[in-house]
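Student: model the following, please.
(chains A, B, C and D)
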2 protein chains.
Amino acid sequence: MTQAKKKQPLAQRPSLTMADLAELAGVSKITVSRALSESPLVNAQTRERVQALARKHGYKLNVSARNLRLRRSQTVAVIVEMKPSSERTMWDPYPLSLLGGISQELTSAGYSVLLTTRQGASHAAVQAADGLILLGQGVRQDAVRLYGKLGLPMVVWGAAGEGGDNHTVVGSDNRQGGVIAAERFLSIGRRHPVFIGNPDHPEMAQRLFGFVDELARHGIKPLLLRRDDFTLESGVDAVRSLAARKVRFDAIFACSDLLAMGAIRALVELGQSVPNDVSVIGYDDTPLGASFLPPLSSVRQNWQEGGVLLARKVLAMIHGQPVQSQMMATTLVVRST
Amino acid sequence: MTQAKKKQPLAQRPSLTMADLAELAGVSKITVSRALSESPLVNAQTRERVQALARKHGYKLNVSARNLRLRRSQTVAVIVEMKPSSERTMWDPYPLSLLGGISQELTSAGYSVLLTTRQGASHAAVQAADGLILLGQGVRQDAVRLYGKLGLPMVVWGAAGEGGDNHTVVGSDNRQGGVIAAERFLSIGRRHPVFIGNPDHPEMAQRLFGFVDELARHGIKPLLLRRDDFTLESGVDAVRSLAARKVRFDAIFACSDLLAMGAIRALVELGQSVPNDVSVIGYDDTPLGASFLPPLSSVRQNWQEGGVLLARKVLAMIHGQPVQSQMMATTLVVRST
DNA sequence: GGATCGAATGATATCGATATCAAGATATCG
DNA sequence: CGATATCTTGATATCGATATCATTCGATCC
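Tutor: The predicted model follows:
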């Protein structure tokens, strides 16, 4: 029982180690380790005793030590592309829902989530991760190649196929989102649909393709109205320009709820009835759209589930299982428009 | 040069260690360590040579080993309260901006951000963190006490003083947000202001207090109109009920942009002019409000900066510096209402 | 010229946990 | 009763990095 510590080179609040517990319990370190990890190799009584002691003294496992010994980090890095001021701001609720799903799934699998922005991603801790998840828009171009070089299991959130080299992608099935919008319009007999959005965004291009293809199967060709902003104003403006050009249309599929709401406002101003004269479908099913008057019909993507899926894929890759890209189905929430 | 490895108990992709580098460079491990950490104790030439080798072979520092030796984790855990069910949908966007600020500040200080949801927070890795940041609504009641017991440096996002035991709080100055709204109304000569919101939420109560107090200094007493939902409909409904009760009012301070927009819509329906007859101020300065017609005046909170501040406080605490709670000033963005 | 100093490098111990192998104790069997 | 199997525990080595102390070598000093 030597009470005095020999030295204290790196001062820190002294935390209990397994060795300390071992001494307290009158057993060896290894027995403590086994007891705490529920190993069947220790006597039940010993196990109880050690665990009780651990609780009583507030023992905390040293994660670094374990990870070092086990040669793994039990960590997945999530790299988020966050442009502070850009077209699609981080005000979008979706990254957070995605993160929620990721975090939930990974932590319940005993993994930690290391959150990083693009700049910070060169940090050593990221390289030490067992796997990588990439989120954000600019991600698919350079970032994929950049992080791919790390040689870690990696899953990317985004559009399928695109740049579809060999990395795994999870994303919302934008094409199918366009298809179900088209189906809806067809089922209620619309013949002159309009698409509002910016096909330069890969996601929106997919929506457009799905929309166009499905309509084409019924001999209908929609009008493409390009709009770069996804604001309410932009939607208003879009419809006004249609009216100014005396275009005939009876349905609008907008690439965001905001666009859709703007369109509806403009329609009302023009004396058109929604949905009697013109039917409108938005995208993202935002709470705002749901409480709009009239309540907006919209294509919903389940972000939370997307996060869960991303997490599962990385975990599978980490464990050496084969993994494939996957697109998540979207659903159409039909409300009053 | 023994080529065969003795054993391989824990198989993993073989990664270069300092010992390997040392052998390649013909120096000892410690010299490598010093060379890579820019220590002045090594000859400049040696340092260059070792660093070049490290780059060439893609050497990666083993973070666990370093953390173990250094007895620290260089990690701050962020615990996010995420209720999937919405209720307070307006809260969705803010945690991400906050996270952005936190992440940016911490990683640039060489720290890692460990993201956790409430359930996962018991995970060992959280206890291993050097510090804790708590985000989310339910946080202030039990969570603070719960995590406080860990004895780690901890900073909480929320309302000041409240439950104000001894932990550090960073938050938006809601009271001051109410004050500046009041000041604005006073400066443009409004005499009959209305407050719409739910004072049961601590943040909103603060806004109300600030609003009321500032007005009181000029002998004006606002009307409190309680609304539990923060939707557009709720705002519409609020104004209609005012009209039905034939209440006289010339200004509205709403606790969310959505409420404000609903209010404006109802006012327009009632034939009132905004801002001529009634002036309206919202809260949060959402992009949606900015692109509303007419563009909404609103109280802005700088979330990103809040995140930075949270991060700085934990870091300061970790380094043993004294730290105080701090409320961030809000600004009034005056647009057309 | 011997002592002293500084620069550069190395040997060793250490952080806290766990894998591996060995050994003691007890039980079971022929 | 001796031998083997089973259960339980321990000794030791190891993961990869760094702090500490020791050493070497050349330069400088009086």
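
Student: quick check: closest non-adjacent residue to residue A:255.
Tutor: residue A:197 (3.0 Å; Cβ to Cβ, 6 or more residues apart in numbering or on different chains). Every residue, glycine included, has its C-beta placed from N, CA and C.

Student: what about the one you found, how many neighbours?
Tutor: 26 (other Cβ atoms under 10 Å in any protein chain shown).

Student: in chain A, which ranges drop under the pLDDT threshold?
Tutor: A:1-14, A:82-94, A:119-122, A:137-141, A:160-165 (pLDDT under 70).

Student: go with 80
Tutor: By pLDDT under 80, the weakly predicted segments of chain A are A:1-15, A:81-97, A:118-125, A:136-146, A:149, A:158-166, A:202, A:287-288, A:291-293.

Student: and it, what are its domain boundaries?
Tutor: A:18-61, A:75-172+A:303-327, A:174-300 (automatic domain parsing).

Student: how about these in TSV, adding distance to residue B:96?
Tutor: Converted to TSV, those look like this (distance: least, Cβ to Cβ, whole Å):
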stretch	distance to residue B:96
domain A:18-61	30
domain A:75-172+A:303-327	4
domain A:174-300	15
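
Student: which among those domains is found nearest to DNA strand C?
Tutor: With Cβ to the nearest atom of the strand, the closest approach to DNA strand C among the domains of chain A belongs to domain A:18-61: 3.2 Å.

Student: start and end of the closest one, how far apart?
Tutor: 8 Å (Cα to Cα, to the nearest Å).

Student: same check on stretch A:57-77?
Tutor: 32 Å.

Student: list the buried residues for that stretch?
Tutor: By 16 or more other Cβ atoms under 10 Å in any protein chain shown, the buried positions in stretch A:57-77 come out as A:59, A:61-68, A:72-77.

Student: pull out the buried positions in stretch A:221-234.
Tutor: In stretch A:221-234, counting by 16+ other Cβ under 10 Å, buried: A:222, A:225, A:227, A:229-234.

Student: closest approach to DNA strand D from the stretch 51-200 of chain A, which residue is it?
Tutor: For the stretch 51-200 of chain A, Cβ to the nearest atom of the strand, closest residue to DNA strand D: residue A:69, 3.6 Å.

Student: so where does that residue fall, helix or strand?
Tutor: Here residue A:69, judged by DSSP states H and E, is contained in helix A:63-70.

Student: isn't residue A:24 up against residue A:56?
Tutor: No: using Cβ atoms under 8 Å, residue A:24 is not in contact with residue A:56, being 9.2 Å away.

Student: who has more neighbours, the two?
Tutor: A direct count of neighbours by other Cβ under 10 Å for residue A:24 and residue A:56 places residue A:24 higher, at 17 against 9.

Student: how close does that one sit to residue A:45?
Tutor: Per Cβ to Cβ, to the nearest Å, residue A:24 is found 16 Å from residue A:45.

Student: all strands for the stretch 201-337 of chain A, in order.
Tutor: Assigned by DSSP state E, counting those that start in this stretch, the stretch 201-337 of chain A shows strands spanning A:223-226, A:251-254, A:279-283, A:297-300, A:326-328, A:331-333.

Student: do you know which of the ones you listed lies nearest residue B:182?
Tutor: strand A:279-283 (36.7 Å; Cβ to Cβ).

Student: can the closest one be said to contact chain B?
Tutor: No: using Cβ under 8 Å from any Cβ of the partner chain, strand A:279-283 never reaches chain B; the gap is at least 13.2 Å.

Student: quick one: strands adjacent to that strand?
Tutor: Applying DSSP bridges to the sheet, strand A:279-283 is found paired with strand A:251-254 (parallel), strand A:297-300 (parallel).

Student: and that strand, how far from the chain's centre?
Tutor: Offset of strand A:279-283 from its chain centre (Cα atoms, centre = their mean, to the nearest Å): 23 Å.

Student: repeat that for stretch A:44-52.
Tutor: 42 Å.

Student: show me the contact partners of that stretch.
Tutor: Stretch A:44-52 is contacted from outside by A:21, A:25, A:27, A:31-32, A:34-36, A:38, A:42, using Cβ atoms under 8 Å, 6 or more residues apart in numbering or on different chains.

Student: helices of chain A, start to end?
Tutor: A:18-25, A:29-36, A:44-57, A:63-70, A:94-108, A:124-127, A:142-148, A:174-187, A:202-216, A:232-244, A:257-269, A:287-290, A:303-318 (DSSP state H).

Student: get me the contact residues on chain A for DNA strand D.
Tutor: When proximity is defined by Cβ under 7 Å from any atom of the strand, chain A lies next to DNA strand D at A:9-10, A:26-31, A:34, A:40-44, A:46, A:65, A:68-69, A:71.

Student: if we go to 10 Å?
Tutor: A:7-11, A:19, A:22, A:25-35, A:39-47, A:49-50, A:64-71, A:124, A:128 (Cβ under 10 Å from any atom of the strand).

Student: just the buried members of those?
Tutor: Buried among those by 16+ other Cβ under 10 Å: A:22, A:25, A:27, A:31-35, A:42, A:46-47, A:49-50, A:64-68, A:128.

Student: surely residue A:211 is in contact with residue A:182?
Tutor: Yes: here residue A:211 reaches residue A:182: they are 5.0 Å apart, a contact under Cβ under 8 Å.

Student: what do the two both touch?
Tutor: Joint contacts of residue A:211 and residue A:182 (Cβ under 8 Å, 6+ apart) are A:193, A:253.

Student: report the central residue of chain A.
Tutor: For chain A, the residue nearest the mean C-alpha position is residue A:98 (3.0 Å; Cα atoms, centre = their mean).

Student: got a list of what it touches?
Tutor: Residue A:98 neighbours (Cβ under 8 Å, 6+ apart): A:135, A:157, A:303-304, A:306-307, A:310.
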